[in-house]
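[1] show me how the following folds:
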Amino acid sequence: FSTIPERYDEIYLRLSRQGARVLALGHRSLGVLSNQQLREQYPTRNSVECNLDFCGFVVLSCPLKPDSKAMIRE
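    Numbers count the residues shown, from 1 in each chain. Purely as a prediction, here's the structure:
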């Protein structure tokens with residue numbers, strides 16, 4: 001991300017330690033481009049997915065199943 005909030009790591013780590021799945025969302029304006037122009041100016045996925053502005057987190061609750069601890073021990 002080109003911009004992230006000051007407490008990004010703190011918030012992400014706290015949520016993930018509580019068992020949540022955390023996704024960070026970002027956006028970037030590419031202007032108005034045709035499909036051809038888009039492929040020419042941004043030939044790889046990495047070239048499109050850089051310099052994103054942070055939008056927020058998506059937090060998904062994924063509670064452990066009752067038998068998860070026993071399965072992990074095995």
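[2] now do the helix or strand hosting residue 37: distance to the chain's middle.
    Here residue 37, judged by DSSP states H and E, is contained in helix 35-41. The chain centroid and the centroid of helix 35-41 are separated by 25 Å under CA atoms, centre = their mean, to the nearest Å.
[3] with just CA atoms, put it into PDB.
    Only the C-alpha atoms of helix 35-41 are listed here, as PDB (Å, rounded to 0.1, in the frame of the first residue of the first chain):
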ATOM      1  CA  ASN A  35      -8.900  -3.400 -22.400                       C
ATOM      2  CA  GLN A  36      -6.000  -3.100 -24.800                       C
ATOM      3  CA  GLN A  37      -4.600   0.000 -23.100                       C
ATOM      4  CA  LEU A  38      -4.900  -1.700 -19.800                       C
ATOM      5  CA  ARG A  39      -2.900  -4.700 -20.900                       C
ATOM      6  CA  GLU A  40      -0.200  -2.500 -22.500                       C
ATOM      7  CA  GLN A  41       0.200  -0.100 -19.600                       C
END
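[4] quick one: contacts of that helix?
    30, 33 (CB atoms under 8 Å, 6 or more residues apart in numbering). C-beta: built from backbone N, CA, C; applies to glycine.
[5] what average pLDDT does it get?
    Mean pLDDT, helix 35-41: 93.
[6] please pull up the helix or strand immediately following it.
    helix 45-48.
[7] not counting its own residues, what contacts that next one?
    Contacts for helix 45-48 (CB under 8 Å, 6+ apart): 28, 30, 42.
[8] how far does the helix or strand that contains residue 16 sit from the chain's center?
    Under the criterion of DSSP H and E, residue 16 resides in helix 8-17. Relative to its parent chain, helix 8-17 has a centroid offset of 13 Å by CA atoms, centre = their mean.
[9] note down every partner strand of the next helix-or-strand element following that helix and its orientation.
    Downstream of helix 8-17, the next assigned helix or strand under DSSP H and E is strand 21-27. Using DSSP bridges, the strands paired with strand 21-27 are strand 53-60 (antiparallel).
[10] tell me the buried residues in the partner strand?
    Neighbour-count burial for strand 53-60, counted by 16 or more other CB atoms under 10 Å, picks out residue 57.
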